[in-house]
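*Asks:* A predicted structure for the sequence below; I have some questions about it.
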Amino acid sequence: MKRIIMAALAAGMVLPVAAQGEALYVSNERGDSVSVVDTASGRVTATWAVGGRPRGITLSKDGRFIYLCASADHAVQVIDRATGRLVAELPSGQDPEQFFLSRDGATLFVANEDDAALTAIDLASRTVAFQVDVGGEPEGVAQSPDGLWVAVTSEEDGVVNWIDIAARRMVAETPTDQRPRHVEFTADGAQLWVAAEIGGTVQIIDTKTRQVRETLRFEIPGVAAHRILPCGIRFTPDGRTAIVALGRADHVALVDVATRTVRAYVPVGRRVWHVAVSADGTQAYTANGLSDSVSVIDLAKAQVVATIAVGAAPWGIVAAP
């Protein structure tokens with residue numbers, strides 16, 4: 001087990017969570033670290049050493065803890081947000097990639113790539129509640145707004161697996177374009193948006209029929225089609241805009257959810273992986289894996305307004321008040 005050490009501790013002090021604006025927590029895949037960014041100042045206020053190959057990252061329901069997939073350590077780490085110290089390591093299964101915190105905040109649903117399984121972790125007891133076999137190389141995970149289903153992507157098999165939470169079993173598969181990496185439900189639960197990386201598309205699944213109803217394609221002037229590799233997706237709080245990270249295209253697409261049209265392509269850093277959105281919906285933040293940076297996007301203007309240097313190979317990102 002690795003200890004969590006804040007860079008500031010070397011100077012004999014603990015830096016608090018940013019008091020103004022929002023804080024960003026960025027998992028640095030090759031840096032084995034998390035960068036803490038104060039959005040008000042645009043500066044990194046702390047760097048935490050964490051487990052190997054950190055990827056998925058999210059915030060606990062009460063805001064006290066950061067949950068982090070330490071993929072190379074085969075664990076989900078629980079980090080105290082105020083101090084940056086390790087609180088616990090959860091039994092997540094082999095090679096956790098991404099996860100989804102349940103709507104009630106009681107369970108983490110973890111995609112374990114090496115196990116080809118979804119692991120449900122009970123956070124109160126810090127034990128595995130159940131595990132369900134899914135397709136090969138699971139990565140993207142999301143729970144439906146009604147709390148009944150978990151959708152898990154299988155990159156290897158090119159499907160979305162549907163898990164009935166009450167029955168604790170997989171009940172259906174939906175074929176997708178190649179290498180689905182990420183899934184997001186719309187707020188009303190009527191649609192599931194799937195980022196198919198190698199397919200170069202975002203596919204929209206009707207959750208009633210579990211069938212793909214629409215496929216979105218992206219064309220960026222001056223960017224070769226093979227570089228357009230959709231990864232992370234996030235919706236703005238009002239549900240009107242989807243922000244899609246386009247990987248080696250080094251852009252994000254701002255998609256009008258109602259019309260399914262791209263209203264803008266925004267150039268960001270290199271190899272953009274995942275995206276976070278501010279609580280007020282005015283800004284988006286991107287983890288740029290080959291630029292070692294975060295881009296801050298003004299969504300109304302559809303342009304980058306700041307670039308913040310973080311650790312090595314940022315992959316996941318979450319915003320917190």
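*Replies:* Structure's in. What do you need?

*Asks:* ranges for the helices of the stretch 1-150 of the chain?
*Replies:* Read by DSSP state H, counting those that start in this stretch, the stretch 1-150 of the chain holds no helices at all.

*Asks:* What segments of it are strands?
*Replies:* 5-6, 23-28, 33-38, 43-49, 54-59, 65-70, 75-80, 86-90, 96-101, 107-112, 117-122, 127-133, 138-143, 149-154 (DSSP state E, counting those that start in this stretch).

*Asks:* Tabulate those strands in JSON lines, adding columns for mean neighbour count.
*Replies:* Placement of C-beta: from N, CA and C, glycine included. Output for the strands of the stretch 1-150 of the chain, formatted as JSON lines (neighbours: other C-beta atoms under 10 Å):
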{"stretch": "strand 5-6", "mean neighbour count": "18"}
{"stretch": "strand 23-28", "mean neighbour count": "26"}
{"stretch": "strand 33-38", "mean neighbour count": "25"}
{"stretch": "strand 43-49", "mean neighbour count": "19"}
{"stretch": "strand 54-59", "mean neighbour count": "23"}
{"stretch": "strand 65-70", "mean neighbour count": "25"}
{"stretch": "strand 75-80", "mean neighbour count": "22"}
{"stretch": "strand 86-90", "mean neighbour count": "18"}
{"stretch": "strand 96-101", "mean neighbour count": "25"}
{"stretch": "strand 107-112", "mean neighbour count": "26"}
{"stretch": "strand 117-122", "mean neighbour count": "21"}
{"stretch": "strand 127-133", "mean neighbour count": "15"}
{"stretch": "strand 138-143", "mean neighbour count": "24"}
{"stretch": "strand 149-154", "mean neighbour count": "26"}
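
*Asks:* Could you list the low-pLDDT ranges of the stretch 151-300 of the chain?
*Replies:* When residues are selected by pLDDT under 70, none of them lie in the stretch 151-300 of the chain.

*Asks:* Can you give me the neighbour number for the residue nearest to residue 156 when sequence neighbours are not counted?
*Replies:* Spatial nearest neighbour of residue 156, chain neighbours left out: residue 136 (3.1 Å); criterion: C-beta to C-beta, 6 or more residues apart in numbering. Around residue 136 there are 12 other residues, counting by other C-beta atoms under 10 Å.
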